[in-house]
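[1] Sequence isn't available, so here's the structure alone:
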């Protein structure tokens, strides 16, 4: 052979698993903790009715008499495991009314007498499937009122006497297909009061006696087209109380006797045009009680007899925090507060300041674990709460310190049973609760620990690991899972069965470490966790048990500092935490205890700054916080105390501006905020006070357009807003007033398409929307009206495929959707009708595998799903080469004549950020040599030269290319190598007589030495064969040296 050339050509191998998802690992193979999830619990005719699910029937209507045998499925309304999803359960004179979907008629009103035969649809109001679901079922003296959409008149007020003929529309408030949108139904002595919009006067107060003529607007409180912003409707002794805005005084307390003249403001509690923060209206033996906020968390308990002079403060908690959970027991008011250090306290009041007293301090921590689900049963108050030892459990109180106790520790340890959906029958409390063996099931209690028992394990199924918080870190995904033994702990996977394992049992035993906020910071996983003794603190992990450690015990003791808002800013972790001294403030960490420090005490002293909504904008941290003076406003930080400052007091004074939906678009921060003048509108900020401005007042007036669902696509911000005419539709903005426009009125009229699940897929916006004809389906937009189109009607007709969990992976979108036949399954789309198809029907029955948490790991798509057999576990899909964002066309590695390694590769790429060149001397451990930026989408060719490939005197150097996508994920090329043999020669004949031929692959010098080391001969070699003769050397052994390599040469 005259020339030797060493190079390799590599093409990515073909995939073997195709498009069939597979269970990665059945982490929890036990029969434990599958929940029937009881909800909508209600007493009707001496039985407790509730909604629950099991493996066979899905979510259906159940009832119980309090015994296991008497806990039965009433009727499988929608045959199979999909379930009819009953909701809005309502008692009307001993008959149960509810809304359900039988799979044929869509969601309609049903009734039940507790038997399968007596559980029937009342009327098929809308002949076709779709439209608004009937809701707000309300009993008014034996007549059922509700809202419904018959497909002709929009969403309007209906009533029913339980028969098909007696189920009729009461009044078409907005004539034609438009809707009156009635809401907030309230029975006041046989008259239905509600809120509606007739299209002329805005949303105002209405009433109805069940007739068309008797259904009328009570009063145009905010005269003209403006809305009066009614909320909190409550009947107190035959008088309707509510909050409203007349356009002059702001939102204040009002009352009505059903006449225009009798509909008046009770008191202007916040003088002038400012709004009063009024919530939690409660009837206590004929007296109205409510909570009045002061613009921050602190508030007052108020009461009113319906007059301005009789609207007075019961107790001012201005030095505490907001009371909540107002519950009446005769003439006594119970309520709870979280004070300014997060402690939970139960209080009671007889309506006087001196008679408003603390019953018991239940929780002395600082996690703001509110008590909830307050319900009176006789003279006993039941509620759920967390104390210093136990997580959320069932409590009761008789109004005394000694009588305020936990009823039972149902889920022992720090798990918590989270009691909810309370209902009563006779002297027994019924509720849902969780334990580690049975999941969420129906329980009952007589107020004693022994008498607090699970009634029946409705759903007995396979245990589920229930993976959560999938987080990509390098070439592995971390997540939280429950193997049925150790509780919810930290796990990792490299995409293989053997590479899927628990990282560490952080909370030893079956206790729950409450892992939160998994965050990747330069290849290290940070998270918040509770190991028991030290409470909730900041942790980190390198993927090994020994390398999974608490970073710092910020708040020593079991309380924990409760780190949250973990955010990576250029390799530094920022988060919020409470060290027990300064309250919840801004912190940062470099991963060491010494480097984990308070950045700034934003709210000086022990006050909580409530820092939240962290976002990285070109290396600057923006967040929301309160300094105790200006309310919660926009702040920024460069990581120093001096560089942490409020950007702007948008809602001047102590009021919160309510910032939300913070989004970075090419270095400009967009967000929604209420400045107190224009309502919630679109704003932007460049980090300066002057540069923090209103982009556009989309909906004139104080109501605002409420921009939501913001996302950047290139230099354009897309979002959803309501301009007061078109409902919630798709908008875009370039940051200017003129450039902020509605993209398309997808659902014509005031209904609104409500775009959601917005994703940037290779420069095109994809989202879900409802055009009023095809249901909620997958759409895409290029930013123009014409270019905003439905991708495919997956669930043909008016039914909704309800796409969700949409992720962009290379050249395809993956998401969860239903075609109406197969349940919620895994789908993919390339943006065309034909290219939008179900990947695989994981759950072969008509149930839902419900894929969620879709996460890419190299050439795998990981997600959690339930196949009906293994429970909810982690699944994987091998991605085909046409899906991946890069197709490797070739990769060459060769050694040049100058001993430099030349690497060349050609790719078809999309949304790739850069390429990292890595080398290794043994083919296992690689080091980064350099980074090349991507040339952009399309077919591109790259070259890199390694000037010194053999620094370690190695004979072979290995190379690979790491491709990094814009979203941070990465994949590798195959491995190429070069050999250190550029000076290799071939000698013949050997032994030499009178002629010597040396074959060389390059131009180089050849020298001959005798055994003493003396050079006796030297010649210049040219590439190819070099022949020499006429040697006068003595016979013997010599050394031929070429390129510092020696060859034995024999002379005869």
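    Everything's here; your move. Please read all numbers here as calculations on a predicted model, not as lab measurements. Residues are numbered from 1 along each chain as shown.
[2] count of residues packed around residue 702?
    As a burial measure, residue 702 scores 21 neighbours (other CB atoms under 10 Å). (C-beta placed from N, C-alpha, C; glycine too.)
[3] likewise residue 756?
    What residue 756 shows, counting by other CB under 10 Å, is a neighbour count of 18.
[4] for the residue lying closest to it once chain neighbours are set aside, helix, strand, or coil?
    Using CB to CB, 6 or more residues apart in numbering and skipping the chain neighbours, the partner closest in space to residue 756 is residue 768 (5.0 Å). Counting by DSSP: H, G, I helix; E, B strand; the rest coil, the backbone at residue 768 sits in strand.
[5] quick one: the helices in the stretch 951-1052 of the chain?
    Using DSSP state H, counting those that start in this stretch, no helices are found in the stretch 951-1052 of the chain.
[6] mind showing which ranges of it have poor pLDDT?
    Counting by pLDDT under 70, the ranges of the stretch 951-1052 of the chain that qualify are 952-955, 967-969, 981-983, 1002, 1043-1044.
[7] Low-confidence ranges, the stretch 551-700 of the chain, go.
    Applying pLDDT under 70 to the stretch 551-700 of the chain picks out residues 606.
[8] Repeat that for the stretch 251-400 of the chain.
    In the stretch 251-400 of the chain, residues with pLDDT under 70: 294-298, 319-320, 340-342, 365-369.
[9] where exactly do the helices run in it?
    Using DSSP H, counting those that start in this stretch, helices in the stretch 251-400 of the chain do not occur.
[10] still on that earlier bit, what's the distance between the residue nearest to residue 756 and residue 810?
    To residue 810, residue 768 is 21 Å away according to CB to CB, to the nearest Å.
[11] Of these two, which one has the most company?
    Taking other CB under 10 Å, residue 768 and residue 810 do not tie; residue 810 has more neighbours (27 against 24).
[12] Could you check how far the more buried one is from residue 762?
    According to CB to CB, residue 810 and residue 762 sit 9 Å apart.
[13] Likewise for residue 455?
    Applying CB to CB to residue 455 and residue 762 gives a distance of 53 Å.
[14] just to revisit the earlier point, across the sheet, point out what pairs with the residue nearest to residue 756.
    In this entry, residue 768 is beta-bridged to residue 756, residue 778, by DSSP bridges.
[15] Same question for residue 816.
    Beta-bridge partners for residue 816, by DSSP bridges, are residue 804, residue 826.
[16] which ones are touching it?
    803-805, 824-827, 850-852, 854 (CB atoms under 8 Å, 6 or more residues apart in numbering).
[17] which one of the residues you listed sits closest to residue 336?
    For the contacts of residue 816, the closest approach to residue 336 (CB to CB) belongs to residue 852, at 33.7 Å.
[18] What is the burial count for the closest residue to the closest one other than its chain neighbours?
    Counting by CB to CB, 6+ apart, residue 805 is the residue found nearest to residue 852 once chain neighbours are left out, at 5.2 Å. As a burial measure, residue 805 scores 19 neighbours (other CB under 10 Å).
[19] how far away is residue 805 from residue 854?
    From residue 805 to residue 854 the distance is 5 Å (CB to CB).
[20] Check which residues of stretch 696-710 are buried.
    696-699, 701-710 (16 or more other CB atoms under 10 Å).
[21] contacting residues around residue 264?
    Neighbour list for residue 264: 254-256 [criterion: CB under 8 Å, 6+ apart].
[22] By neighbours, which of those residues wins?
    Neighbour tally across the contacts of residue 264 (other CB under 10 Å): the maximum, 26 neighbours, falls on residue 254.
[23] so what's that one up against?
    Counting by CB under 8 Å, 6+ apart, residue 254 has contacts 221, 241-244, 263-266.
[24] Just the buried ones from these?
    221, 241-244, 263, 265-266.
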